[in-house]
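Asker: Pasting the sequence and the predicted coordinates here, then a few questions.
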Amino acid sequence: MAPLPRPVEGPDSEYGLLKEVLLASPRNLSIVPCNRVSEDALEKGQSSCSVTASRQHRDLVETLMAAGVRVRTVQPVADLPDLAFTRDTSLMTPWGLIGLRPGLAHRRGEVDAVLDTARAAGMPILGRVERGSVEGGDICLLRPGHLVIGVSEERTTTEGARALGSFFEREGWKVTLVPIDPDLLHLDTHFCLADRDVALACVEKLDPTFVAMIRDLGIEIVPVNADEIASLGCNVLSLGRRRIISTGSAPRVDQAVRARGFEVLTVPLGEFTQCGGGVHCLTMPLRRQSATL
Ligand SMILES: NC(=O)NCCC[C@H](N)C(=O)O
């Protein structure tokens, strides 16, 4: 089969210069008891404040724009309380957008909301995952040509991961499936690339074979501990050129990243972290400079 055209600067890595990103309005955000962090928050009596959520989200938008990133926003949809976590709904690839298939019923409608926005904006749609389940928080574009997918068998299943992986394998990419602990929700809560050669990771929670592969690739690991994972301190977005955005909830980790020559921009996002998601979960990159350049 002939290789697909590359109509857009769809990301081929987690760390090429970020040019455009998709967010969604948090207007209907609420704490859904569907992961360890949100269940703990509800047990402690925490609740959502829409005014604070809007302000924090606006701060994220302004930080992205000040860093030169174009921000597109999906409008709010009633009955979609987790819509703001756009990462999980879809994946922009070098060949177009793929609609994902969230594992939880209350999140399935988010995919249509995002695809409708993408179509209206004229974005190229490559396809949709129709089997199993796969959420974007489990996906890591490790290198151009190498996709990693975390498989908990809850949010992302082997079947869903293979269905997504087939889009990439067709284009000659290697696809690695990594088993992850379902209690940690997604891979991006405990493994996130800051740049080509630096990752934030909670080594003791990761599959040892995966950690060995990361080290063999020459990727340095900034260690993150279990408490820092729970506060979404590992869940960062790379802007490229050794800049990241974090929630600032794990200052020790941010400092360790700065010590490696990074600029770390922080945006407090407590209304979202109590739902189980941080900066990486709230952002779905639409365009990045190719990491092969
Ligand atoms: N990528 C992520 O880790 N997303 C966070 C999703 C939070 C949402 N409340 C969920 O449990 O699906």
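Answerer: Right, received. Where do you want to start?

Asker: mind listing the helices for the stretch 1-150 of the chain?
Answerer: Along the stretch 1-150 of the chain, counting by DSSP state H, counting those that start in this stretch, helices occupy 36-43, 50-66, 105-120.

Asker: Now find how far off-centre the longest one is within its chain.
Answerer: Spelled out, that is helix 50-66. 17 Å (CA atoms, centre = their mean, to the nearest Å).

Asker: residues near the residue in the chain positioned nearest to the ligand, how many?
Answerer: Nearest to the ligand, among the residues of the chain, is Gly137, at 2.4 Å (CB to the nearest ligand atom). Just so you know, the C-beta spots here come from the backbone N, C-alpha and C atoms, and that holds for glycine as well. Around Gly137 there are 26 other residues, counting by other CB atoms under 10 Å.

Asker: could you redo the helices of the stretch 1-150 of the chain as TSV and give each row distance to the ligand?
Answerer: TSV is the format used below for the helices of the stretch 1-150 of the chain (distance: least, CB to the nearest ligand atom, whole Å):
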stretch	distance to the ligand
helix 36-43	5
helix 50-66	13
helix 105-120	6
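
Asker: Relative to Gly10, which of those helices is closest?
Answerer: Distances from Gly10 to each of the helices of the stretch 1-150 of the chain were compared using CB to CB; the minimum, 11.6 Å, belongs to helix 105-120.

Asker: Against which helices or strands is that closest one packed?
Answerer: Under the contact criterion of 3 or more CB pairs under 8 Å, 6 or more residues apart in numbering; DSSP states H and E, helix 105-120 touches strand 18-24, strand 70-74, strand 90-93, strand 96-99, strand 125-128.

Asker: any idea what sits nearest the residue of the chain closest to the ligand, other than its immediate chain neighbours?
Answerer: Excluding the flanking residues, the one nearest Gly137 by CB to CB, 6 or more residues apart in numbering is His186, at 3.0 Å.

Asker: And Gly150, how close does it get to Arg260?
Answerer: Per CB to CB, to the nearest Å, Gly150 is found 24 Å from Arg260.

Asker: So these two - more neighbours on which side?
Answerer: Gly150 (30 against 13).

Asker: Who are the contact partners of that one?
Answerer: Applying CB atoms under 8 Å, 6 or more residues apart in numbering, we find Gly150 in contact with 137-140, 156, 178-180, 186-188, 191.

Asker: Please read off the pLDDT at it from the model.
Answerer: At Gly150, the predicted lDDT confidence score is 98.

Asker: beta partners for it?
Answerer: With beta bridges defined as DSSP bridges, Gly150 has these partners: Val178.

Asker: number of nearby residues for the closest residue to Leu126 other than its chain neighbours?
Answerer: In this structure, Leu126 finds its nearest non-sequential neighbour in Gly96, 3.3 Å apart by CB to CB, 6+ apart. Applying other CB under 10 Å, we find 20 residues neighbouring Gly96.

Asker: what's the spacing between Gly96 and Pro26?
Answerer: The gap separating Gly96 from Pro26 is 27 Å, by CB to CB.

Asker: residues from the stretch 101-250 of the chain in reach of the ligand?
Answerer: Within reach of the ligand by CB under 6 Å from any ligand atom, the stretch 101-250 of the chain has these residues: 107, 137, 185-186, 188-189.

Asker: And stretch 144-156, what's buried?
Answerer: Residues of stretch 144-156 classed as buried: 144, 146-156 (neighbour count, 16 or more other CB atoms under 10 Å).

Asker: Span of it from start to end?
Answerer: Start-to-end span of stretch 144-156 (CA to CA, to the nearest Å) is 22 Å.

Asker: So, low pLDDT: which residues of the chain?
Answerer: Along the chain, the parts satisfying pLDDT under 70 run over 1, 5-7.

Asker: now do 80
Answerer: Within the chain, the ranges that satisfy pLDDT under 80 run 1-8, 293.

Asker: residues near Leu116, how many?
Answerer: Just so we're on the same page, residue 116 is Asp rather than Leu. 13.

Asker: quick one: it and Val61, what's the gap?
Answerer: For Asp116, the distance to Val61 equals 21 Å [CB to CB].
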